[in-house]
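Colleague: Here is a sequence together with a model predicted from it:
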Amino acid sequence: MLTAKIGKVVKILVCGMKGVGKTALIEQLVYGNINAETELHATIEDIYSSSVDTGRGGCRETIRIYDIAGLQGEQALPRHYLNFPDAFVMVYDPIDPRSLDMLADIKMDIDKHKEKKEVPVIVLANVHARCKFNSNTPGLNPVEIILDRANIWCQRERIKHYTVNAMERPSLYEPFLVLCARLHPPQTKSTFPQLRVMQSRQKSEA
Ligand SMILES: Nc1nc2c(ncn2[C@@H]2O[C@H](COP(=O)(O)OP(=O)(O)O)[C@@H](O)[C@H]2O)c(=O)[nH]1
Ligand SMILES: [Mg+2]
């Protein structure tokens with residue numbers, strides 16, 4: 001007999017300005033094969049299929065990560081990318097404030113298109129090693145200023161903000177695991193809501 005476990009494949013779109021490290025962080029997350037010497041080419045579109053253990057009884061969930069061409073200048077996220085994703089991961093580089101400003105425009109477009117659906121959005125600051133070690137100059141560190149600005153904006157938008165480094169694989173686990181757990185809510189014993197109502201009625205009659 002065929003026993004097919006029908007599971008929903010969730011689609012996650014990774015977006016942001018060109019060159020912020022989207023491909024580097026996806027490759028690092030999925031394959032762990034990126035280091036500072038790895039040569040990456042500009043992306044047209046790539047889809048990564050992966051399975052994630054969200055810690056629920058050892059069962060693995062399938063996710064599909066969409067890597068797309070980075071945006072440049074005033075370019076908006078093409079419309080066809082707004083409809084299908086179940087979640088958005090927006091990436092910026094805190095050394096370049098334009099890459100953060102661009103996320104505000106993308107978020108507005110996402111909100112316009114999502115209608116009544118709940119579509120999780122998270123923001124990743126890809127902090128390159130060079131940003132961290134540039135803090136010898138006295139006064140305010142420009143990277144810290146951008147990170148603060150991003151934190152305030154994310155709080156206002158009620159979205160999670162994570163600081164990651166595409167060269168450090170463990171830094172990528174938490175945001176993606178938390179997102180996957182949100183996209184795969186725990187299964188209740190019965191998937192038929194009518195049945196649950198009947199069960200609770202029987203209990204109250206007993
Ligand atoms: N040192 C360092 N280099 C990075 C990091 N993230 C990306 N890069 C490099 O920056 C370049 C652009 O990254 P890429 O992932 O192609 O950017 P994308 O356009 O957003 O996909 C590549 O040469 C990467 O190797 C990082 O965290 N640290
Ligand atoms: Mg890319």
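Modeller: Arrived safely. Numbering: from 1, shown residues only. Ligands and ions are numbered 1, 2, ... in the order given.

Colleague: In this structure, what residue lies closest to ligand 1?
Modeller: Nearest residue of the chain to ligand 1, counting by CB to the nearest ligand atom: G21, 2.8 Å away. Every C-beta, even on glycine, is put in place using the N, C-alpha and C of the backbone.

Colleague: so where's the chain shaky on pLDDT?
Modeller: Across the chain, the ranges flagged by pLDDT under 70 are 1-7, 56-59, 129-139, 186-206.

Colleague: Give me every residue in it lying close to ligand 1.
Modeller: Residues of the chain lying close to ligand 1 (CB under 6 Å from any ligand atom) are 18-24, 36, 38, 40, 43, 70, 126, 128-129, 165-167.

Colleague: re earlier: for the residue of the chain closest to ligand 1, give me its contacts.
Modeller: For G21, the contact set (CB atoms under 8 Å, 6 or more residues apart in numbering) comprises V91, D93, N126, H128, A166.

Colleague: any idea how far K8 is from it?
Modeller: According to CB to CB, to the nearest Å, G21 stands 29 Å off from K8.

Colleague: What segments of this protein are helices?
Modeller: 22-30, 80-83, 97-113, 129-132, 142-157, 170-183, 193-205 (DSSP state H).

Colleague: ok, L77 - contacts?
Modeller: Counted by CB under 8 Å, 6+ apart, L77 has contacts C15, L71, I106, D109, I110.
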